[in-house]
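Student: please find the sequence and the predicted model below.
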Amino acid sequence: MKIVEEPIVDYQIKIAVTGTVILDNYKLQITFNDETKTIVDFESFLKNSQHPAIKKYLDKTNFRNFEIVDGNINWNDYDMIFPVEDLKKGQIS
């Protein structure tokens, strides 16, 4: 009897944030694991939000205080986070 094992191939590549550069105001240049880069402007999202937990990020010190956690941009322990696919498209809502 011959046993052949085939490796399991995951054909879905998980999109992940690997780096960011703070540009001006509320713009970030985001680099992804496929080496693409996208510029995302968060200003209109922040200004149009009515929620105080989001409005506090109009303070640039708060906005610039984020981490990359598990391939995503994370503000204050998941206080503000966006789908990575939206970040890659450059369209947040």
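Tutor: Thanks, I have it. Residues are numbered from 1 along each chain as shown.

Student: tell me where this protein has strands.
Tutor: With DSSP state E as the criterion, the chain has strands at 17-22, 27-32, 37-41, 66-69, 72-75, 80-81.

Student: check contacts around the residue nearest to Val84 when sequence neighbours are not counted.
Tutor: Leaving out its chain neighbours, the residue that sits closest to Val84 by Cβ to Cβ, 6 or more residues apart in numbering is Ile15, at 4.9 Å. For the C-beta atoms, the positions are set from N, CA and C on the backbone; glycine is no exception. The contact partners of Ile15, by Cβ atoms under 8 Å, 6 or more residues apart in numbering, come to Phe32, Asn33, Asp34, Gly71, Val84, Glu85, Lys88.

Student: look up the pLDDT of Ile15 for me, please.
Tutor: The predicted local distance difference test score for Ile15 is 93.

Student: Ile68 too?
Tutor: Ile68 is assigned 96 on the pLDDT scale.

Student: quick one on the thing from earlier: separate out the buried members of the contacts of Ile15.
Tutor: Members of these that pass the buried threshold by neighbour count (16 or more other Cβ atoms under 10 Å) are listed as Phe32, Val84, Lys88.

Student: now these in TSV, with distance to Tyr57 and pLDDT?
Tutor: What follows is the buried ones among the contacts of Ile15, written out as TSV (distance: Cβ to Cβ, whole Å; pLDDT from 0 to 100):
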residue	distance to Tyr57	pLDDT
Phe32	22	96
Val84	18	96
Lys88	20	97
